[in-house]
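Undergrad: Generate coordinates for the sequence data below:
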Amino acid sequence: MSSGAPGAPNGTPDRHQVVVAIDVGGSRMKCALVHRDGTVARIEHHPTQTARGPAAVVDTILDIAEALADTARHEGLAPVAFGLAVPGVIDEAAGVAIWSSNLGFREVPLRTLATARLGMPAVLGHDVRVGGVAEARLGAGRADRHVLFVAIGTGIAAAHVVDGTAAAGAHGAAGELGHVLVRPGGPRCGCGRAGCLEAIASAAAVARRYAELTDSTPGLSAAEVVAHATAGDPLAQQVWTEAVEALADGLAIGQTLFDVETVVLGGGLARAGAQLLDPLRAALHDRMTFHREPRLVPAALGAEAGCLGAALLALDSLEKR
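TA: Residues are numbered from 1 along each chain as shown. Modelled structure (predicted):
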């Protein structure tokens, strides 16, 4: 992304202008006003409240975006574009949320709705892809041209970023690393197939598997399972080893396909830190043959990556005009 802005003297960004950015999650929305040089002017968090239904979620997104734009104007800033990131299958070119199970979206023309409501250009992106763009440009992958960002949370998804741009694929569904087959005949995945990476190595899968082995009602989080494993609980250690080995298989597939310099791990499970990275590095190393072994690092931007990526998407759209 170029740092210059139209009409700015000496090619420097216009600090008077900001973009509105929102990253919509299943439970919370991360929202921001971001200057054209990429610095954050304001950041907020709001509940998504998906139980109210998809139409109400859309209304909430637009209400928050409009309020942020009004706040910018009140503070003497000029909102010039809106960047929105949502999960699911996204048609970025058309600005349509094709499908999102977490939010209940089906063929929602978010870009058109936002442009009409806000009176400014709007762009729509996939939450993991824009998060990957942010990590590649501003975060843990900023020193490299070829980056694979892998978000490990309730599910697993990835973004292949080259020179700061993430590929969406022909149908907006690129990066579904969680649905590569790693254990044929293994646990049933939410997609309907047995043995997907997501069914074994996601945070939800780790918690579920431990509950199965201990004959208990699911209650412990994945982080608590990791803590039990570190403390010497043999069943927790079994679950964690299964997850790490499956994740190493998935990353090896990713490296075979994309040949990246760096793999950036984000999402809730990545907060396990050395308990994940150390055994995962060793397992991935063992799977490399003629492939170059990628650098494996934790994400640097945390939960704000998606919001910053949505802002970058909006800023990119301005530079193309």
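Undergrad: Quote the end-to-end distance of stretch 65-81.
TA: The straight-line separation of the ends of stretch 65-81 (Cα to Cα, to the nearest Å) is 10 Å.
Undergrad: That one - what's its average pLDDT?
TA: Summarised as a single mean, pLDDT over stretch 65-81 is 96.
Undergrad: all numbers from here: first residue = 37
TA: In the new count, where the first residue is 37, that last one comes out as stretch 101-117.
Undergrad: Tell me which residues are up against that stretch.
TA: With contacts defined as Cβ atoms under 8 Å, 6 or more residues apart in numbering, stretch 101-117 is touched by 52-56, 58, 67-69, 77-78, 80, 118, 120, 150, 153-154, 156-159, 350-351, 353-354. The way it works is simple: take the backbone N, C-alpha and C, and place the C-beta from them, glycine included.
Undergrad: ditto for stretch 283-291
TA: Contacts made with stretch 283-291 from outside it, assessed by Cβ under 8 Å, 6+ apart, are listed as 184, 186, 188, 192, 194, 213-214, 216, 218, 233, 237, 296, 299, 316, 319-320, 322-324, 327-330, 332.
Undergrad: One more pass at 6 Å, please.
TA: By Cβ atoms under 6 Å, 6 or more residues apart in numbering, the residues outside stretch 283-291 that reach it are 184, 213, 216, 218, 233, 237, 316, 319-320, 323, 327, 330.
Undergrad: And stretch 180-195, by the same measure?
TA: With Cβ under 6 Å, 6+ apart as the contact definition, stretch 180-195 has outside contacts at 164-165, 168, 171-172, 177, 196-199, 202, 211, 213-214, 233-234, 238-240, 290, 294, 296-306.
Undergrad: Tell me the buried residues in it?
TA: Along stretch 180-195, the positions that meet the burial threshold by neighbour count (16 or more other Cβ atoms under 10 Å) are 180, 182-195.
Undergrad: again, but for stretch 213-222
TA: 213-219, 222.
Undergrad: Can you list the low-confidence ranges for the stretch 237-357 of the chain?
TA: With pLDDT under 70 as the threshold, the stretch 237-357 of the chain has low-confidence stretches at 357.
Undergrad: swap the cut-off to 80 and go again
TA: 253-255, 356-357 (pLDDT under 80).
Undergrad: after the longest helix along the chain comes which helix or strand?
TA: Of all the elements of type helix in the chain, the one with the most residues (DSSP state H) is helix 270-294. Going down the chain from helix 270-294, the next helix or strand is strand 298-302, by DSSP states H and E.
Undergrad: where exactly do the helices run in the protein?
TA: Taking DSSP H as the criterion, the chain carries its helices at 90-110, 146-154, 163-174, 234-237, 239-249, 258-266, 270-294, 310-323, 341-355.
Undergrad: Tell me which of those sits most buried.
TA: Of all those, helix 163-174 carries the top mean neighbour count, a mean of 29, counting by mean count of other Cβ atoms under 10 Å.
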